[in-house]
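Undergrad: how would this look folded up:
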Amino acid sequence: MAQEESIAIDPANIEQNQECFKCHGYSTFSYFNSNTEREVKQRMNPYFIIDSLEYYASNHRTFLCGDCHSSECGEFPHSGQARMEPKFSCMDCHAGDDTHSQYNFEKIEEDFHKSVHSSKHLDDFTCSLCHNPHTYKISARTNEKVADFILYDNEICLSCHANLSKYQLLTTKDNPNVLETHAWLPNQVLHFSKVRCIECHTEINNEILVAHNVLPKELAVKSCVECHSKNSRLLASLYKYQFTNKRSDLGFSNDAILEESYVIGANRNYYLNAISIILFGLVVVVLLIHASLRIIFNSKKRHE
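TA: Residues are numbered from 1 along each chain as shown. Here you go, the predicted structure:
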């Protein structure tokens, strides 16, 4: 289960985990080969190298390696049986988790199972493909700047969609060229740095903070007014946490967005709008009065 940042790490856990990190924390490892009766040094599979600094900054940092991995992994070299055992799934811990009920994991799982990631790849697409359990940390519920978690979350998507070797774990197709498939989008660089992929590629779900129902590409949002309007969908996605936790009395609509960026059509100020309308109305009234006086004055002049 994800851990709050305030929870201290038990030094005994760090010491016990070091038994794993002394191999999995480095690019090489050594062991005694009883068949040849000699010490052997080999390269560690790069996909099995875990950065201990990243791990102890992650949400699972208070865990023992053995909390998720088979007890047989405590024997070294690991047995073939230990490698073949099914891994724990995230919901083995997170289902019915009252301690972290605010995350609504059951609804997240339900939303995910509707997505193309789940429906097209069934059991092959797991939570850990996007949320690396050794490094993942929540970002949308923190006080970080929105720009920071946009970058963090988009890197999760690009770790597959811009990485052929990982993409082909699930398909034999080439991964799409992100720039080419978004060629229709104006100001690509600005959009990519200011919004997450999921803003346009998921269905909004008001029961969870971050939507997990990734839609087929044909249903992706392509209408500018979906975001660039007073009822911007960004308030129900990217800025949902800020919008539900902050309020402004300065008259701005969508002020949660305004703290980070200006979105044309979405950021307006009630008072400025009212003042503008009043001023415009006064100008029209002055023009009408001016025109009426000229008509009256010219009419009198002709009669003289």
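
Undergrad: What sits closest to Leu179 if chain neighbours are left out?
TA: Of all residues beyond its chain neighbours, the one nearest Leu179 is Gln188 (6.8 Å), with distances taken as C-beta to C-beta, 6 or more residues apart in numbering. (Each C-beta comes from the backbone N, C-alpha and C, glycine too.)

Undergrad: residue ranges of the strands in the stretch 1-150 of the chain, please?
TA: 28-33, 38-43 (DSSP state E, counting those that start in this stretch).

Undergrad: Pick the most deeply packed of these.
TA: Mean neighbour count (mean count of other C-beta atoms under 10 Å) peaks for strand 28-33 among these, with a mean of 12.

Undergrad: Within the sheet, what are the partner strands of that strand, with directions?
TA: Strand 28-33 has the following sheet partners, assigned by DSSP bridges: strand 38-43 (antiparallel).

Undergrad: What lies in contact with the partner strand?
TA: 27-33 (C-beta atoms under 8 Å, 6 or more residues apart in numbering).

Undergrad: what's the closest of the strands of the stretch 1-150 of the chain to Met91?
TA: For the strands of the stretch 1-150 of the chain, the distance to Met91 is smallest for strand 28-33, at 31.8 Å, taking C-beta to C-beta.

Undergrad: Sketch out the low-pLDDT regions of this structure for me.
TA: 1-6, 142-144, 242-273, 300-304 (pLDDT under 70).

Undergrad: And the helices in it?
TA: Taking DSSP state H as the test, the helices found in the chain are 11-24, 52-55, 80-84, 91-94, 105-113, 116-121, 146-161, 164-167, 178-181, 188-194, 198-201, 240-245, 255-258, 270-303.

Undergrad: Using a markdown table, please lay out the strands of the stretch 1-150 of the chain together with distance to Ile14.
TA: A markdown table is the format used below for those (distance: least, C-beta to C-beta, whole Å):
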| stretch | distance to Ile14 |
| --- | --- |
| strand 28-33 | 19 |
| strand 38-43 | 25 |
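
Undergrad: With respect to Ser79, which of the ones you listed lies nearest?
TA: strand 28-33 (13.0 Å).

Undergrad: What is the burial count for Arg233?
TA: 19 (other C-beta atoms under 10 Å).

Undergrad: Now it: closest residue in space that isn't a chain neighbour?
TA: Per C-beta to C-beta, 6+ apart, closest to Arg233 is Glu226, 5.0 Å.

Undergrad: Do I have it right that the one you found meets Ala236?
TA: No - judged on C-beta atoms under 8 Å, Glu226 makes no contact with Ala236 at a distance of 10.5 Å.

Undergrad: Fine, thanks again, bye for now.
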